[in-house]
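**Q** Provided below for reference: sequence and predicted model.
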Amino acid sequence: MKEIIKSNQENQLLIKQNFREKIIEFEKKIIDNPESITDEAFEKKNPTKSTFAGGCYIREIFMPAGQYLTTKIHKKEHPFFVLSGKLSIISEDGPIEIEAPYQGITQPGTKRVLYTHEDTVFITVHATDKTTVEEVTKEVIAEDFNDPDIALK
């Protein structure tokens, strides 16, 4: 029985590693696409609202319909909410389609591909004692999958 469990765990690690490699490749293709928008244009098209309250950082983003995008790599577990809209999400757990209202939990090491079928409002909530967006970003977002907080073991 121990061998079966160990084999299953190793298989799950391989699946996660493969997904992580593929999502980075996909993200590079998006960035290299001549129709891809710059960070500045993205922020204008996808406005965000940041709020700090009661030891939490709340980030709200509006995403217009018809966009493909990838998320950052999340270092910490946190809730997310879809307040309006409809989108498809591909993660290492597989594809899902979400329609508002919806709530979920993001696990450490998560990076997703999103496609917005409709204009969508997406909110994340992060427990933190930090007081600026920059500080929270350093705390909750990994630069890559080699970050010790989310590296596969």
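**A** Arrived safely, thanks for sending.

**Q** C-alpha from now on. contacts and neighbour counts both.
**A** Fine.

**Q** which parts of stretch 145-153 are buried?
**A** 145, 150 (16 or more other CA atoms under 10 Å).

**Q** show me the shaky parts of the chain.
**A** 1-2, 4-9 (pLDDT under 70).

**Q** ok, residue 116 - how many residues close by?
**A** Residues lying near residue 116 (other CA atoms under 10 Å) number 20.

**Q** hey, what's it bridged with?
**A** In this entry, residue 116 is beta-bridged to residue 87, by DSSP bridges.

**Q** can you tell me which residues contact it?
**A** Going by CA atoms under 8 Å, 6 or more residues apart in numbering, residue 116 touches 63, 64, 65, 66, 67, 68, 85, 86, 87, 88.

**Q** how about the strands in the chain?
**A** Per DSSP state E, the chain carries strands over the ranges 48-53, 56-63, 68-70, 73-74, 78-84, 86-91, 94-99, 102-106, 113-116, 120-127, 141-142.

**Q** okay, these, which one's buried deepest?
**A** When those are scored by mean count of other CA atoms under 10 Å, the highest mean neighbour count falls to strand 73-74 (a mean of 22).

**Q** understood, closing this out.
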